[in-house]
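**Student:** sequence? don't have it. structure:
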């Protein structure tokens, strides 16, 4: 498969981009180079190679949930500018 100048013009039109003739030629060549590289990669024998979705394997990056003591609510509310019924009271922001 190869990209033509008409393909570049079509995609540019869809993206609402304007290119001069030199730019169209440049993008046509660059896209064909990219497709050539992809075709070269498709020739590589990958039989027996395990699929990988990242640079390194992480089995489980999450820690176990552990119950730990929390801060004392009353002491924390002493730092709030205003509180009511055990909660921090803030100004109304929705009319």
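**Tutor:** Here it is on my side, so go on. As the structure is a computational prediction, the values presented were derived from the model and not from experiment. Numbers count the residues shown, from 1 in each chain.
**Student:** list the buried residues in the helix or strand hosting residue 26.
**Tutor:** With secondary structure defined by DSSP states H and E, residue 26 is part of helix 21-42. By neighbour count with 16 or more other C-beta atoms under 10 Å, helix 21-42 contains the buried residues 24, 27-28, 31. C-beta: built from backbone N, CA, C; applies to glycine.
**Student:** which one of the residues you listed is nearest residue 94?
**Tutor:** Nearest to residue 94 out of the buried residues of helix 21-42 is residue 27 (C-beta to C-beta; 49.5 Å).
**Student:** for that closest one, which non-adjacent residue is closest in space?
**Tutor:** Distance criterion C-beta to C-beta, 6 or more residues apart in numbering; nearest residue to residue 27, sequence neighbours excluded, is residue 8 at 5.0 Å.
**Student:** direction-wise, compare whichever strand or helix holds residue 10 with helix 21-42 and give the angle.
**Tutor:** Element membership for residue 10, per DSSP H and E: helix 5-14. Relative orientation of helix 5-14 and helix 21-42, computed by axes from the mean of the first three to the mean of the last three C-alpha atoms, to 10 degrees: 110 degrees.
**Student:** on that earlier part again, ok, residues contacting the helix holding residue 26?
**Tutor:** Residues outside helix 21-42 that contact it (C-beta atoms under 8 Å, 6 or more residues apart in numbering) are 1-5, 7-9, 12, 19.
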